[in-house]
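S.K.: Everything below, folded, please.
(2 chains)
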Protein chains: 2
Amino acid sequence: MVNKKSNMYQNWLSHREIKKSCYKEYINNILVLNHSEIIDSAVNELKNAFDKIEDVKEIQNICEDEKEIIGDKFIKLYIEQNDKLINEGYEITYSKTDDKKECISICANDDNGILYGVFALLRLFEQNYDFKSKEIIDNPKKNIRIINHWDNIDGTVERGFAGSSVLFESCRNKDIMSEVMNAIGGIAATNEGLRKAFNDEYTVASDLERINDYARMLSSIGINGIIINNTNVHKEETYLIDDKISIVKIISEIMGRWGVKTYLSINFASPITLGDLQTADPLDSDVIKWWKKKAEYVYSVIPNLGGFMVKADSEGRPGPFTYGRNHADGANMLASAISPYGGILIWRCFVYNCRQDWRDHTIDRAKAAFDCFEPLDGQFLDNVFLQIKNGPMDFQVREPIAPLLGTMDKTNKLMELQITQEYTGQQKHVCFLVPWWKDILSTPTYANNIDNNVEQRINGIAAIVNVGNDENWTGHFLAQANLYGYGRLAWDSNISSEQIVAEWIKLTLGNNPLVMKNVSEILMNSWETYEKYTSPLGIGWMVSPGHHYGPDVDGYEFSPWGTYHRSDNKGIGIDRTLESGTGYAGEYNEPLKSLYNNLETCPDELLLFFHHVSYNHILKSGKTVIQHIYDTHFEGFEAVKEFISKWEELEGEVDKGIYEQTLERLKIQFDSARDWRDQINTYFYRMSGIEDKKGRRIY
Amino acid sequence: MVNKKSNMYQNWLSHREIKKSCYKEYINNILVLNHSEIIDSAVNELKNAFDKIEDVKEIQNICEDEKEIIGDKFIKLYIEQNDKLINEGYEITYSKTDDKKECISICANDDNGILYGVFALLRLFEQNYDFKSKEIIDNPKKNIRIINHWDNIDGTVERGFAGSSVLFESCRNKDIMSEVMNAIGGIAATNEGLRKAFNDEYTVASDLERINDYARMLSSIGINGIIINNTNVHKEETYLIDDKISIVKIISEIMGRWGVKTYLSINFASPITLGDLQTADPLDSDVIKWWKKKAEYVYSVIPNLGGFMVKADSEGRPGPFTYGRNHADGANMLASAISPYGGILIWRCFVYNCRQDWRDHTIDRAKAAFDCFEPLDGQFLDNVFLQIKNGPMDFQVREPIAPLLGTMDKTNKLMELQITQEYTGQQKHVCFLVPWWKDILSTPTYANNIDNNVEQRINGIAAIVNVGNDENWTGHFLAQANLYGYGRLAWDSNISSEQIVAEWIKLTLGNNPLVMKNVSEILMNSWETYEKYTSPLGIGWMVSPGHHYGPDVDGYEFSPWGTYHRSDNKGIGIDRTLESGTGYAGEYNEPLKSLYNNLETCPDELLLFFHHVSYNHILKSGKTVIQHIYDTHFEGFEAVKEFISKWEELEGEVDKGIYEQTLERLKIQFDSARDWRDQINTYFYRMSGIEDKKGRRIY
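M.R.: Numbers count the residues shown, from 1 in each chain, chains lettered A, B, ... in the order given. Next comes the predicted model:
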């Protein structure tokens, strides 16, 4: 059973540090000038924090009129049209009232702004921020900040490494589900009904509470959208827009109270799967009518639904290609259907041939998304958003940016990241991804010949989440920092990795300097370490096929998935140049095109993604490729040893449960890193026959 | 639905050719001097054959007295103590009676002899054998001729490639099962009860009929034992000696009518799994008592049970090692328990460390069985039979013989073959294994310094069967020939592969000379062809891990299973010599030991099993190792093309269903052989950098 009082469950929202804050007296008095479900959540959060101040035994004073303030310090929440703010932004100001009371106020244009302001305020209280020095104006850089769940109704999570689904687990028991449905009055659920479900003594209440706790987590880091089901929509999940819509309703009600909009992954072939039509052709008038009617129904039940997401013509999913239509035809038809209700249509660009022949060196999976979508620029409706993975392949530890991000000016774009560590150690290894994401967001695209980076090119951001129903939410406790960091970056990509790490450690593990130092060192070095002991120089893919954990150099080499290393006894790498390779480098804007295309200028860390080179090729670092492989693999493994030493220094300094669980994972990482080191080094030693200059043991 | 009238279902027992036989008139009159359930089965088989003679519209005359013979030709079946015969043997004689009637008689010492004689007689009738020239005396060379099923109660078959279990499929539906149980009167099943189950209109009857049809098939080729459940005994199957014994009872009753004894795979930890004891220590007095009582119970229900089989301390199975006991302790305890009832205890020797470290070149899985069992020679009870795989590894397309076969003179030994094509194309590829099995059986062991071959060293033979509930029984129709051939060889290993092929084709596809020629050419070349396009020179194991289908050169190279190729850019092979290797070669008797140990004398086809050599090493064939790899892989693929051509010539000459289904499989084999060719050649070309002398395309 999950212990909801445990520190690992409480995550960065324990408010444990609040009692040490110099601002704690402010929390005694809350002046709330506006009311809504979302503002209620914000006020509740202040109540939560108040409850953590153990030496305060009074009752928190929450009032609607300044006259009712009791002490001389208070917090004020109010909505006001404020030109410095955009939607969801907030302003935090310190002031003195006429009667000398000290007030910290949160002002926003809307409910979400108040909620985000409260979370920020508590974060700052716990860090003893100096509010008097200057006001805070904090607007989100992007207004779409979404989490993708690859959760299935049966509770399984595709590429999930933290237990079963936090969203659907409670739906597995039909009896429990129908109890809830009765409690909330079926699909015509009211908030009264939901409250009843929470307050009654149903077993299920705790499951719904968990969804609520999760919504609170998302909200606390500024996430405002959630796609609740797997992008691969299987048969059962197709019915989420049909007779299983009650499940969506329940989740969306809970999420809505925290300012998080619910979205649904849908099956492009729904008109067929649900048994109504013989076709899903997006230009067929019956299909168009079918989706219009379906959208009308779905929005009648869930008026605040964010919209639909579709993975089409990809890895076996149905799509417009079946009917000789293009992806604009497919996306626009659906977008039209939900447009009257304010819904948006998110369309994934992960389209490639997953049955290609490894013998044919002219096909290049890296080119696929660009080739499919770039010619369609300008054809998508305004409420269509293309969701583009950060790189051209699939969430490898390092990839160049997707060339689509530097083009398609007339199309809305979301960038898709992966928080769940599918290819980065599956939450058995510590791998803090924020430095990598910052790297991506700040990469220049040179679109329209100006130095605009990825962050400037996108209308929003999405990521596949790493959460499950494990007590610590993320399997590896330290993986919580990835979720935290994703939210913080999605809100404002200018926040530094170091600041994110510092915030997360303080809020989660407390202010102990040794803990701050060691955990920060582990996190900040973990992504680079993972890269070192796994596949080198941007080549990627040396993982076990299927599950993607652990080394298998040739695992994908002769498969139909289009992912190779092309090593032989002379060299390694994929030639993607314009002259002798697949021409992929040509999909970038200049000067990126030349930078990558040219062996002399291509950065070391992406060298093998773009070039096939000899093992004796000298890198910019001055080392040969083969010596780089040996060195990084030995170094990466040593770094994991260091992580363990650093963590072991924290025994007694951090929560015992967290300490032991994390140590256990670090030891798993140690064994796995050793496997990686030895298998990669052995493979390339056997291939190249070149000795390690340092004479270390290669098997 | 399975069509039981189809030619593929009827297999070699259609008796279609009987109507062309010059002996067909004999079948009109059957004189039966003895009676039993088994002899009833024999007589029924003659009735079956009679029904196939379409132009005879009379009623077959079955009588007990020579005076009742109507025509002038008849068949006589009788039991008589005959010194030329051993148990299960039979004599077939042509004679004339005093009143000038022509008689072909089958004489045997026992019921099984009569049954086997009848099947032989029909086979010979269909081939127009000349009975007048000389009498036939046919004694089995081994009296244990067993089939192993790796079937689970849920209907799945481990390493099964022909559908679900023929034995347990009917047990999957609980309602049907309980109907049958009622019909046959629970565990106290009588033959009356069984007949009722057959004759009533239960859905399940057809499933039981299928078990009956299968028992008939086994019997027709002389198989006299069947282990009905998976050697990996999972939780549910542990209950086959407990409250699921009724299932065993049903199967054993059906099998018994065809002279086939039923055996059970048991779980060594049954006393714990069934919840009675805390230990399964074979020297613990409670455990000893528990098994004695269990054996008493099992034999009270199934008095004719053949015995138990155990896989212990292997691949995660429990065994005596858990309690610090050896395998003689484990086997003898169980053997004692079943000895009072005439049961035998079959103990598998597939014991090795499946968690070994690939970095450690001193561990050698090939040595494991010898190291474990050889020191125990003389310690096993008389009713214990060690079941030893033909080779030291695991059913690769070629292995040297298991060294255990040349030692342990004081221990009963069964040799284990694999009919199911786990590593030989999984019944998607045609791979006729009889030539390989004959090779194994005729290999000299030089035990006790005499030239005695494997066949002379063993007390019986066992094989994992390739049968499932596919309409054609074996997935690939041509794989029927492996089951047929196994039975024929188990009876008499002197029969030639060519004779087995000829018999099978005639009985199954008829006498058409083109069919005889082409099918025979395909079958006779298929094993060598499979070897050519898969892993070379005895190295084995270049298969995809887990499922074992298709190429993956490094699939097992860095795994804990102890199976390697150790290729680098200079050479390939495992050094198992006494001087510089693991010393495995030393487990053979001289001169085999020197033959294998010595690079100069080691046969090409096993070279890489025993030696690590350079790619430029010159084979006895005069080719280099690398050129041999290239040549065999190109040749093997071309041979598959030839198979397809030869098969396509048979369109219209063989049953349409068989033609099409087999062609489909041949095309799958074609694609797979191409993958093998290209992946193996590419891997070694990349590794070695040595060009193909013939300049063929390597990718």
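S.K.: CA only for contacts and neighbour counts going forward, please
M.R.: Noted.
S.K.: tell me the pLDDT at the residue in the stretch 301-450 of chain A that chain B sits nearest to?
M.R.: Residue nearest to chain B within the stretch 301-450 of chain A (Cα to the nearest Cα): A:Arg359, separated by 5.8 Å. The per-residue pLDDT reported for A:Arg359 equals 96.
S.K.: and if you look at A:Val301?
M.R.: Each residue has a pLDDT score; the one for A:Val301 is 88.
S.K.: Equivalent analysis for A:Phe198, please.
M.R.: Here the pLDDT value assigned to A:Phe198 is 44.
S.K.: same thing with A:Asn182?
M.R.: The predicted structure scores A:Asn182 at 59 on the pLDDT scale.
S.K.: try A:Met177
M.R.: A:Met177 is assigned a pLDDT of 55 by the prediction.
S.K.: How about A:Glu58?
M.R.: Here, the pLDDT recorded for A:Glu58 equals 75.
S.K.: Which secondary structure elements does the longest helix along chain A sit against?
M.R.: Secondary structure of chain A read by DSSP state H shows that its longest helix is helix A:656-688. Other helices and strands packing on helix A:656-688, by 3 or more Cα pairs under 8 Å, 6 or more residues apart in numbering or on different chains; DSSP states H and E, are helix A:7-10, helix A:513-533, helix A:625-648, helix B:656-688.
S.K.: Quick one: end-to-end distance for stretch A:387-406.
M.R.: Distance between the two ends of stretch A:387-406: 14 Å, counting by Cα to Cα, to the nearest Å.
S.K.: quick one: contacts for A:Ile668?
M.R.: By Cα atoms under 8 Å, 6 or more residues apart in numbering or on different chains, the residues touching A:Ile668 are A:428-429.
S.K.: One more pass at 7 Å, please.
M.R.: A:Lys428 (Cα atoms under 7 Å, 6 or more residues apart in numbering or on different chains).
S.K.: got the residues of chain A near chain B?
M.R.: Within reach of chain B by Cα under 7 Å from any Cα of the partner chain, chain A has these residues: A:359, A:554, A:558, A:568-569, A:679, A:686-689, A:699.
S.K.: 8 Å instead, please
M.R.: For chain A, the residues found near chain B under the criterion Cα under 8 Å from any Cα of the partner chain are A:359, A:552, A:554-555, A:558, A:567-570, A:679, A:685-689, A:699.
S.K.: Find me the pLDDT at the closest residue to A:Gly510 other than its chain neighbours, would you?
M.R.: Using Cα to Cα, 6 or more residues apart in numbering or on different chains and skipping residues adjacent in sequence, the residue nearest A:Gly510 is A:Glu17, 6.7 Å away. Per-residue confidence at A:Glu17 stands at 90 (pLDDT).
S.K.: Also A:Val430?
M.R.: You'll see A:Val430 listed with a pLDDT of 98.
S.K.: and if you look at A:Leu208?
M.R.: For A:Leu208, the pLDDT comes out at 77.
S.K.: Downstream of the helix or strand hosting it, the next helix or strand is which one?
M.R.: Secondary structure assigned from DSSP states H and E places A:Leu208 in helix A:203-220. Downstream of helix A:203-220, the first helix or strand assigned by DSSP H and E is strand A:225-227.
S.K.: Need the contact partners of that following strand.
M.R.: Here strand A:225-227 makes contact (Cα under 8 Å, 6+ apart) with A:144-149, A:260-265, A:306, A:309.
S.K.: wait, which of the residues you listed is closest to chain B?
M.R.: A:His149 (29.8 Å).
S.K.: what's the closest one in contact with, if anything?
M.R.: Going by Cα under 8 Å, 6+ apart, A:His149 touches A:157, A:226-231, A:464-465.
S.K.: who wins for neighbours among those?
M.R.: Each of these was scored by neighbours using other Cα atoms under 10 Å in any protein chain shown; the highest score is A:Asn229's, at 27 neighbours.
S.K.: could you check the distance from that residue over to A:Glu422?
M.R.: Here the criterion is Cα to Cα. By it, A:Asn229 lies 17 Å from A:Glu422.
S.K.: do the same with A:Gly342
M.R.: A:Gly342 sits 33 Å away from A:Glu422, going by Cα to Cα.
S.K.: more neighbours, these two?
M.R.: Neighbours per residue (other Cα under 10 Å) separate A:Gly342 from A:Glu422, with A:Glu422 holding more: 22 against 14.
S.K.: Tell me the secondary structure of that one, please.
M.R.: Under DSSP: H, G, I helix; E, B strand; the rest coil, the three-state class of A:Glu422 is coil.
S.K.: isn't it right up against A:Gly550?
M.R.: No: between A:Glu422 and A:Gly550 there is no contact, the gap being 10.9 Å when judged by Cα atoms under 8 Å.
S.K.: that older thread, for the helices and strands packed on helix A:656-688, give me TSV that also has mean pLDDT.
M.R.: Compiled in TSV, the helices and strands packed on helix A:656-688 are given as follows (pLDDT from 0 to 100):
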stretch	mean pLDDT
helix A:7-10	96
helix A:513-533	98
helix A:625-648	98
helix B:656-688	98
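S.K.: angle of the longest helix of chain A against helix A:513-533?
M.R.: Using axes from the mean of the first three to the mean of the last three Cα atoms, to 10 degrees, the direction of helix A:656-688 lies 20 degrees away from that of helix A:513-533.
S.K.: Once you drop chain neighbours, what's closest to the residue sitting nearest the centre point of chain A?
M.R.: Most central residue of chain A, judged by C-alpha distance to the mean C-alpha position with Cα atoms, centre = their mean, is A:Ala463 at 3.1 Å. Excluding the flanking residues, the one nearest A:Ala463 by Cα to Cα, 6+ apart is A:Leu417, at 4.4 Å.
S.K.: how much space between that neighbour and B:Leu218?
M.R.: 59 Å.
S.K.: same deal with A:Val434?
M.R.: Taking Cα to Cα as the criterion, A:Val434 is separated from B:Leu218 by 65 Å.
S.K.: Which one's more surrounded, those two?
M.R.: In this comparison of A:Val434 against B:Leu218, neighbours counted by other Cα under 10 Å, the higher total goes to A:Val434 at 27 against 23.
S.K.: residues contacting that one?
M.R.: Going by Cα under 8 Å, 6+ apart, A:Val434 touches A:482, A:485-486, A:497.
S.K.: Sounds good, over and out.
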